[in-house]
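1. Model the following, please.
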Amino acid sequence: MACAVHQERVPPQGFAHGAIVQLTVPDAPDAHAFQWPAHRGRLVSHAVLARDDVLRIFEVRERGASTELVQVRMHRLFGEVTGVLRVRTLASQYDGRDRVLLAFADAKLAEYQSGARPPSGGLSPAGSSPNSAALHAQETTIAEALALYVRALGFLQRGLTAINAYAETLRDAEPSDEMRDYAHWFRTHFQRCYERSMYARGLCSPSTLPDNVQQADRQIFDKALELARAAALDELEGNRDGLSWDPTSCVLAYETAASLLQGLLDPGEEHMGLSMNSVLLVEKFLKSIHKRLGALQTSTQLAPAPA
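-> Numbering: from 1, shown residues only. Here you go, the predicted model:
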């Protein structure tokens, strides 16, 4: 059985999406925290640039007759960025700062779309040809996407059912604005997820359709472990760097992994629950992740502020 190991040496360079924004205000009370010495130029604005799963934030600075870009932050995101947009919210009217809205592609669907399907005439009779192997991998990917969409539809439907049940208990009373917002969110995402599931269903061949929801459970479990391992490695390497390490991305990875595992413990519809052994395994990993999260949060609170 052949296997391969892939390690990314250098993050994606350049950018595919970007926006010019104003993240700080020169006369704000906390502006001194963002100011550089005068000889390093005047801060004009910020550039938020993204490519694949990497987000970079630059300061746009004027120094004499030249304009320079100075990178101040780089973040790894858990998804492929498909858009960056500058937005003004109600809070922007008070603090004068822009907000940044990021759009993400669905991971499995993006993985399918990133590879070009080989032309029908390009398949050789040999089942082991590169074109045939690539096509099979793409068909498997879109089938996995369909299984995940079906699982997500189940969660969203149960959310709508719970909201409707609560609304019935109100009788003649009007639901609150917050409850209306919840209902709107669930309906919108259910419709969007349903449309994407139908799109994925149309791309699937009968031979690659998922047999049961356990395939989706396995994908969710594997992804949670992948995130937890990445967070543990980040934590190990970050602790070597001392106070210069920012644990934000590590905490995000742990929290995302915990949310995925918690979702697996939802029994869902009939005959879709995990076996007792699987439940014990998921609970074991959840306990370990929560332990690491607690330790991280404690160490962050106790760490002295940099001078």
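2. Do you have the strands of the protein handy? List them.
-> 17-21, 42-51, 54-63, 66-76, 80-87, 99-105 (DSSP state E).
3. In the protein, spot the helix with the most residues.
-> helix 130-170 (DSSP state H).
4. tell me the mean pLDDT over that one?
-> Averaged across helix 130-170, the pLDDT comes to 79.
5. Just give me how far it sits from the chain centre.
-> 16 Å (Cα atoms, centre = their mean, to the nearest Å).
6. That one - contacts with which helices or strands?
-> Here helix 130-170 touches helix 107-114, helix 177-203, helix 214-241, going by 3 or more Cβ pairs under 8 Å, 6 or more residues apart in numbering; DSSP states H and E. Placement of C-beta: from N, CA and C, glycine included.
7. got the angle between the last one and strand 66-76?
-> Read that as helix 214-241. 120 degrees (axes from the mean of the first three to the mean of the last three Cα atoms, to 10 degrees).
8. now helix 214-241 against helix 130-170, angle please.
-> Going by the same axes, to 10 degrees, helix 214-241 makes 90 degrees with helix 130-170.
9. what would the helices and strands packed on helix 130-170 look like in CSV with distance to Tyr254, mean neighbour count and mean pLDDT?
-> As requested, these are exported to CSV (distance: least, Cβ to Cβ, whole Å; neighbours: other Cβ atoms under 10 Å; pLDDT from 0 to 100):
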stretch, distance to Tyr254, mean neighbour count, mean pLDDT
helix 107-114, 19, 18, 70
helix 177-203, 24, 14, 84
helix 214-241, 5, 16, 79
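10. could the ones you listed be laid out in CSV, adding distance to Leu170?
-> As requested, the helices and strands packed on helix 130-170 are arranged in CSV below (distance: least, Cβ to Cβ, whole Å):
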stretch, distance to Leu170
helix 107-114, 38
helix 177-203, 9
helix 214-241, 34
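11. right, and the ones you listed - which one's nearest Thr82?
-> Closest to Thr82 of the helices and strands packed on helix 130-170 is helix 107-114 (Cβ to Cβ; 7.8 Å).
12. lowest-confidence stretch among the strands of the chain?
-> Among the strands of the chain, strand 99-105 scores lowest, at a mean of 74.
13. who does that strand pair up with?
-> strand 80-87 (antiparallel) (DSSP bridges).
14. tell me the domain ranges of the chain?
-> What automatic domain parsing lists as the domains of the chain is 17-105, 139-208, 214-302.
15. and these as TSV, adding distance to Glu111?
-> Converted to TSV, those look like this (distance: least, Cβ to Cβ, whole Å):
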stretch	distance to Glu111
domain 17-105	9
domain 139-208	5
domain 214-302	12
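16. Quick check: which of those domains is nearest to Tyr112?
-> Closest among the domains of the chain, using Cβ to Cβ: domain 139-208, at 4.7 Å.
17. mind checking how far that closest one is from the chain centre?
-> Worked out by Cα atoms, centre = their mean, domain 139-208 lies 18 Å from the chain centre.
18. Could you do stretch 249-264 as well?
-> Chain-centre distance of stretch 249-264: 11 Å, with Cα atoms, centre = their mean.
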